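1. The following comprises the amino acid sequence and a computationally predicted model.
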Amino acid sequence: MSAWGQAAKSCNTLLTRTEQNDPTLVDLVILPSKTFGDTELDRLSNALLTNTWLKSVSASGHTVSPDALRRFGKAIIQSSPTTNLIKIAIGGSSMGDDGVIAFCEGLESDVDDANKTDSSSSTLTLQHLDLEYKGISALGMKALGKTLFGSSSTTGATNHPSSSLQHLNLARNEDIGDEGILEFCKETSSTISFLETLDLSECNIGSKGATALANCLRRNNKNNNSEDNADDNGHGRRLNLLLNSNPLGPIGFGSFFVRSSSSSTTEACDDEPSTN
C-alpha cells in the first residue's frame, strides 16, 4: 500500500486529538475502512483516563482482541469520575463471547486498582451500549446481565459497577436465542428497570425467551420503588423492547410498553405477559 493509502486508513489524527483532550472532539467515529486494532484501542483506552470532552465512541466493525477489550473496559470504569463518555459502539462480528466477557471483566476490575481506597461499587456512566452483530451467545449474555444489571447480593462480587445504562443494542446476535435470554435474566437485578431501549431483534428469541424476559423485567420493575423510575403518570418507565420479526405480538409486564419489531407502534399491555 502506498504512503498515501496508509495515511488515508490511519486514525492517528483522531486519536492524537483525543489524547490531547481536544474540546472540539466530542463524538469519535472510527469508520470500518480505517485501521483500528489493539494498538489503536490501547491508545484510546489510555486517552480516556484524562479526556474530559469525549461523549461517544463509534468503532464498530473492527477486530480487536479480548485482552484489548478488557483494558478498554477497565479504562472506562477508571475514568468514570471525570469522563463525559456516555455512548459506545465497539468490536467486530468476531468479538464473540470471549470479547464480551473480557470487556465485562474490565468494567469490574476497578476494585483491584491500587488507587481505590474502598471496596464499594464503581459507577458506570455509560447510557448507550451498542453490541449489534458481535457474535454473542448465552455465555456473553450471562456476563452482560451480571456486569450491567446484576447486584452484589446475588453475584457475591464486591467489584460490580453500578449502572445507569438506558439503551442496549444487541440486535443481529443470532446465537442468543432463548438460552441466552434465560442466562441474562438469571443475573439481572432491579437496575435493569432503568432501561429505555433493549434491542434484541434478529436474535432468534422464541416465546420461551420472550416470556422469561417479560417476567424478569416486570419483577425487577416492581422491586425498584424509586421515584426516579416513575413517569408523569406515576407508572414505571416505558421500555421499547424490540424482538424478532415474528408473530409474537406485544408482550406486557406491569407498566412497561413492549412491541416486537414486526409492530410499527408501541402499545400498552396488561400486567401479565401474553403472546396475543
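-> Okay, I see it. Treat the numbers as computed from the prediction; the structure is a model and nothing was measured. Numbers count the residues shown, from 1 in each chain.

2. where exactly do the strands run in the stretch 151-276 of the chain?
-> 162-163, 167-169, 197-199, 240-242, 257-258, 267-268 (DSSP state E, counting those that start in this stretch).

3. quick check: mean pLDDT across the fifth one?
-> By that I understand strand 257-258. On average, the pLDDT along strand 257-258 is 40.

4. any idea how far residue 107 lies from residue 52?
-> Residue 107 sits 20 Å away from residue 52, going by C-beta to C-beta, to the nearest Å. (C-beta placed from N, C-alpha, C; glycine too.)

5. So which of these two has more stuff around it?
-> Legend: neighbour count by other C-beta atoms under 10 Å for residue 107 and residue 52, higher for residue 107 (26 against 12).

6. did I read that right, residue 40 in a strand?
-> No. Membership of residue 40 in a strand is not supported by DSSP: H, G, I helix; E, B strand; the rest coil, which gives helix.

7. Quick one: residues contacting it.
-> Contacts here follow C-beta atoms under 8 Å, 6 or more residues apart in numbering; on that basis residue 40 touches 11, 15, 30.

8. Check residue 95 too.
-> 64, 69, 131, 134-136.

9. hang on, the earlier thing: can you add distance to residue 167 and neighbour count and give the contacts of residue 40 back as TSV?
-> Below are the contacts of residue 40 laid out as TSV (distance: C-beta to C-beta, whole Å; neighbours: other C-beta atoms under 10 Å):
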residue	distance to residue 167	neighbour count
11	25	20
15	26	20
30	20	22
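
10. Quick one: end-to-end length of stretch 32-43, please.
-> Stretch 32-43 stretches 17 Å from its first residue to its last (C-alpha to C-alpha, to the nearest Å).

11. In that stretch, which of the residues would be classed as buried?
-> 34, 36, 38, 40-43 (16 or more other C-beta atoms under 10 Å).

12. next one: stretch 71-85
-> With burial defined by 16+ other C-beta under 10 Å, the residues of stretch 71-85 counted as buried are 71-80, 83, 85.

13. just stretch 95-112 next, same as before
-> By neighbour count on 16+ other C-beta under 10 Å, the buried set for stretch 95-112 is 95-97, 99-111.

14. that older thread, how about the buried residues of stretch 32-43 in TSV, adding pLDDT and distance to residue 146?
-> Shown next, in TSV, are the buried residues of stretch 32-43 (pLDDT from 0 to 100; distance: C-beta to C-beta, whole Å):
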residue	pLDDT	distance to residue 146
34	96	32
36	98	28
38	98	25
40	98	28
41	98	23
42	98	25
43	98	29
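
15. Name the nearest of the residues you listed relative to residue 178.
-> Set against residue 178, the nearest of these by C-beta to C-beta is residue 41 (32.7 Å).
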